[in-house]
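Peer 1: Requesting a structural model of the entry that follows:
(2 chains)
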Amino acid sequence: MDLRPTKLAWIDGLARASVALRRGRSTTAAHELRRAALGLEVLLRAHRVRVLRDDLRDLRELAGPVRDLDVLLAREDLRACVAPLRRRRASALRALRKGLSPARVRALVLALTHLELDRVRRLERWVEREQPRLLAALERASRPRSAPGRLHAVRRRARRLLVVAQLLERESPALRELVHELGEWRDETLALEFVRTRVPSRATARRLTAAVRARILELRSGCRALSLAPDFT
Amino acid sequence: MKLYVIRHAPAAGQSPDGSDEARALTPEGRARFACVVAALRSLGVRFDLLLHSPLLRAVETAELCTPLLEGRTAVTAELAQAPSKALLDQLRGVSVAVVGHEPWQSELVAWLVTGEREFGPRFALAKGAVAALGGRAEPGAMSLDFLAPSELFLPRET
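Peer 2: From the prediction side, this is the model:
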């Protein structure tokens, strides 16, 4: 298995998305930037390389609000809030563009290109180490009174594990489903947080609160089931 | 601020693709620089910011420095060229390390200590050498604590 083409594709995606964002073509570029940065960050983590991870995390954190606002803009139940959402997105996009200076991206691309990140055995060992950690996080998140923040920890670990599992072609439907469900929960939580800042949307807030609570309960039982019968890779 | 100016460890003369930026550290270079890091660690040196050039030999040297890291790392193209005001603007923290190349690293030391970049050759750094400076990161505002070649950090032979 050759990991180099995937690494180079992610680097290429990062560079292309940065150019597209700077030129104003940002419909999917912020999402592509985040995906590529996450893939590369996980690759560095699995190879136990510490440098460059902060640079990639910075880019993901800058692109995050743009992606989140795109998700909110696509929601039917937030149609009435399109104008303020668009204003927030424009502001998030300005911050992202400011952080994406050509020199910064070029330096990051150059540094990543020549670094050897193609050891399959490292990835396999990382999966072996990471699975029990995800199990422990699932167990903690499945407790009846666990803070919803625990689900964020599960989500981060599960997303990283999914990236590597996909690379190793050992992706399980259970893990993919878990990541999807956690993503939906996060999007609903984002929508709820936004609605709470808006006075005229109390009905939407009530509905979203109920939806988020129901989903948290669902996720807790899902975490419990998966922690008892793991099927990750 | 404490500033540690580090030149990359010894690297191969040629990379597999023939490009200068892909030259990797040699195994001996790695082993030697690991001794430098161990010695700095025993002296209590820690970094809250580690800046490095994007060239592979600097990236690998920065990676070897991570046992000394208590903060974040950042790659910057400013360390693969002559020192500039833009580089000085990035030096923020209590204890900062910069990993780069000659002749620019010695120019940086000269600029910060004397205010003049052309005195660089007087502060020449061999591969894997470390210069420690203290003071404000402005031209002529820092003092040189030490400038040590990597040999100084190697274990003594008995």
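Peer 1: Tell me the buried residues in stretch A:61-74?
Peer 2: A:62-63, A:65-72 (16 or more other Cβ atoms under 10 Å in any protein chain shown). C-betas here are computed from N, CA, C, even on glycine.
Peer 1: Just give the closest residue to residue A:100, not the sequence neighbours.
Peer 2: Nearest residue to residue A:100 in three dimensions, chain neighbours excluded: residue A:18, at 4.9 Å (Cβ to Cβ, 6 or more residues apart in numbering or on different chains).
Peer 1: Do you know the pLDDT at the nearest residue to residue A:4 once chain neighbours are set aside?
Peer 2: Of all residues not flanking residue A:4 in the chain, residue A:118 sits nearest, at 5.1 Å (Cβ to Cβ, 6+ apart). Each residue has a pLDDT score; the one for residue A:118 is 90.
Peer 1: quick one: residue A:118 and residue A:3 touch, right?
Peer 2: Yes - the pair residue A:118 / residue A:3 is scored as a contact, 4.3 Å apart, by Cβ atoms under 8 Å.
Peer 1: in chain B, which spans are helices?
Peer 2: B:27-42, B:56-64, B:85-90, B:104-114 (DSSP state H).
Peer 1: Kindly reformat these as TSV containing mean neighbour count.
Peer 2: Written out in TSV, the entries for the helices of chain B read as follows (neighbours: other Cβ atoms under 10 Å in any protein chain shown):
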stretch	mean neighbour count
helix B:27-42	17
helix B:56-64	26
helix B:85-90	14
helix B:104-114	24
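Peer 1: who's in contact with residue A:60?
Peer 2: If a contact means Cβ atoms under 8 Å, 6 or more residues apart in numbering or on different chains, then residue A:60 has A:33-34, A:37-38, A:41 as its contacts.
Peer 1: Now, the residues you listed that are in helices?
Peer 2: With helices identified by DSSP H, the entries of the contacts of residue A:60 that belong to them are A:33-34, A:37-38, A:41.
Peer 1: quick revisit: neighbour-wise, which of residue A:118 and residue A:3 wins?
Peer 2: Taking residue A:118 and residue A:3 together and counting by other Cβ atoms under 10 Å in any protein chain shown, residue A:3 has the greater number of neighbours (19 against 16).
Peer 1: Can you check the pLDDT for that one?
Peer 2: pLDDT, residue A:3: 91.
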